[in-house]
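Visitor: Coordinates only, no sequence provided:
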């Protein structure tokens, strides 16, 4: 029996004197039997680190790049002069090389450098590695690095000061990892299978985006409101009489020229939302605790268009009186009032059920309405481009935060159809949201399936169809 075919050990013993770090190396995570023709190889035998560093010149501009979290690719981050950098040296990106973020490798911050970013640079925190093209494909290495088991090993091998969250995954640790290496044609077939499934996921997400784009039109047609002229170009200069000048803000004035100050036309009366409000209330401010505790605080990302997502929450410790005051009732509408992203101003979500053990934070406003308005109708109207534009035009900014207040919610101009018409509009919207939910589930299922499939393929636990492998091999031979 060879070492490659030996069955994996479920337990092993190590002397304390030989224990340098409490980390299970990948060599022990890859001890399952491998298919014929596969090898276990350390990455240092397959990679060459690209180390073409250069000193940053003070009067030269550099297009600096970064690596997104969760394996989502490389991006152009900013363009800065050499004298404005915190780093003394930069390195040019190498198209086709594997790159990772030393500080956030534990968040699967790996990518393959795309050709279009070949004119960008990175700091020392982004090491790059060129593969031996006769033995290892860069995309196969990327799949290995972003699989769940590898990411756990990366997290365990990252070192530094946990107090300031500066755990770095150093190159020597990375090069010490072992990879289960199939022949090149099988690597190519696995990568092709992954790309095929990614295209399916992208198609499902494109359908979701298209469906979401139809929802505002449902609201506009139901209210007899013309859609905004969002694509209308804004003039570089224009004249306006003083008597028509409500606010001295270019953002406000340019949006006014595009018709993006909220609802101004409808076949129904347009009234201030405040006339139909029972109350608005800012949320509660308290630091989270480790938990578990009887109460939870919503996070800002709990605000989802389809409804309040209670899974996005954290444990807090508060008296029952506070919990009762800031609790969540069915029909409550929650509106983002303070956020760092302009695009998230007035993002809102409806509570579909009572949730007495949950409270909402001070970055969110809770709104409750009279019987003349359905809260779900108000939420959908606010989420249209016209609705969000009103709040974005009136948002104030300070220290990087965009803010709206209860006064802005009260002043929001909302078309007021009879409740029966509101129900009819909502029925059509909810039909669209149900279709979006089905597409989201399809995308989520495909994402889970591809993760499990890639894991099994890389470990050699699953074999691809031989026909696909042969077709990929033939294409490579033809291109060669």
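Guide: Great, that's in hand. Here the structure is a predicted model, which means the values were calculated and not measured. Residues are numbered from 1 along each chain as shown.

Visitor: Give me the below-cutoff pLDDT ranges for the stretch 51-200 of the chain.
Guide: 161-166 (pLDDT under 70).

Visitor: go again using 50 as the cut-off
Guide: By pLDDT under 50, the low-scoring segments of the stretch 51-200 of the chain are 162-164.

Visitor: Okay, strands next: where are they in it?
Guide: 54-55, 61-67, 74-81, 89-92, 98-100, 110-112, 121-122, 128-131, 178-181 (DSSP state E, counting those that start in this stretch).

Visitor: got a markdown table for the ones you listed, with distance to residue 287 and mean neighbour count too?
Guide: Using the backbone N, CA and C atoms, a C-beta is placed for each residue, glycine as well. Below are these laid out as a markdown table (distance: least, Cβ to Cβ, whole Å; neighbours: other Cβ atoms under 10 Å):
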| stretch | distance to residue 287 | mean neighbour count |
| --- | --- | --- |
| strand 54-55 | 44 | 10 |
| strand 61-67 | 30 | 19 |
| strand 74-81 | 31 | 14 |
| strand 89-92 | 39 | 18 |
| strand 98-100 | 32 | 25 |
| strand 110-112 | 33 | 25 |
| strand 121-122 | 35 | 24 |
| strand 128-131 | 40 | 20 |
| strand 178-181 | 42 | 21 |
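
Visitor: And the ones you listed: which comes nearest residue 270?
Guide: strand 74-81 (41.9 Å; Cβ to Cβ).

Visitor: What is that closest one packed up against?
Guide: Applying 3 or more Cβ pairs under 8 Å, 6 or more residues apart in numbering; DSSP states H and E, we find strand 74-81 packed against strand 61-67.

Visitor: ok now the strand it packs on, how far from the chain's centre?
Guide: With Cα atoms, centre = their mean, to the nearest Å as the basis, strand 61-67 stands 21 Å off its chain's centre.

Visitor: Likewise for stretch 322-333?
Guide: Using Cα atoms, centre = their mean, the offset of stretch 322-333 from its chain centre is 28 Å.

Visitor: Columns distance to residue 373 on top of the strands of the stretch 51-200 of the chain, output as JSON lines?
Guide: Formatted as JSON lines, the strands of the stretch 51-200 of the chain follow (distance: least, Cβ to Cβ, whole Å):
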{"stretch": "strand 54-55", "distance to residue 373": "62"}
{"stretch": "strand 61-67", "distance to residue 373": "45"}
{"stretch": "strand 74-81", "distance to residue 373": "42"}
{"stretch": "strand 89-92", "distance to residue 373": "56"}
{"stretch": "strand 98-100", "distance to residue 373": "51"}
{"stretch": "strand 110-112", "distance to residue 373": "47"}
{"stretch": "strand 121-122", "distance to residue 373": "52"}
{"stretch": "strand 128-131", "distance to residue 373": "56"}
{"stretch": "strand 178-181", "distance to residue 373": "60"}
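
Visitor: nearest to residue 463, of these?
Guide: That would be strand 178-181 among the strands of the stretch 51-200 of the chain, by Cβ to Cβ, at 13.4 Å.

Visitor: who wins for proximity to residue 430 among the strands of the stretch 51-200 of the chain?
Guide: Closest among the strands of the stretch 51-200 of the chain, using Cβ to Cβ: strand 74-81, at 36.3 Å.

Visitor: and residue 211, which of the strands of the stretch 51-200 of the chain is closest to it?
Guide: Using Cβ to Cβ, the nearest of these to residue 211 is strand 74-81, at 27.0 Å.

Visitor: Residue 442 reaches residue 204, doesn't it?
Guide: Yes - look at residue 442 against residue 204 with Cβ atoms under 8 Å: they come within range, at 4.9 Å.

Visitor: So which residues of the stretch 151-300 of the chain form helices?
Guide: Secondary structure of the stretch 151-300 of the chain (DSSP state H, counting those that start in this stretch): helices located at 171-175, 184-223, 250-257.

Visitor: Mind giving me the packing neighbours of the longest one?
Guide: Based on contacts counted as 3+ Cβ pairs under 8 Å, 6+ apart, the elements that helix 184-223 packs against are helix 138-146, helix 375-383, helix 385-394, helix 419-459, helix 466-479.

Visitor: Columns mean neighbour count on top of the ones you listed, output as TSV?
Guide: Shown next, in TSV, are these (neighbours: other Cβ atoms under 10 Å):
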stretch	mean neighbour count
helix 138-146	21
helix 375-383	22
helix 385-394	22
helix 419-459	16
helix 466-479	12
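
Visitor: Which residue comes closest to residue 383 once chain neighbours are left out?
Guide: residue 305 (6.0 Å; Cβ to Cβ, 6 or more residues apart in numbering).
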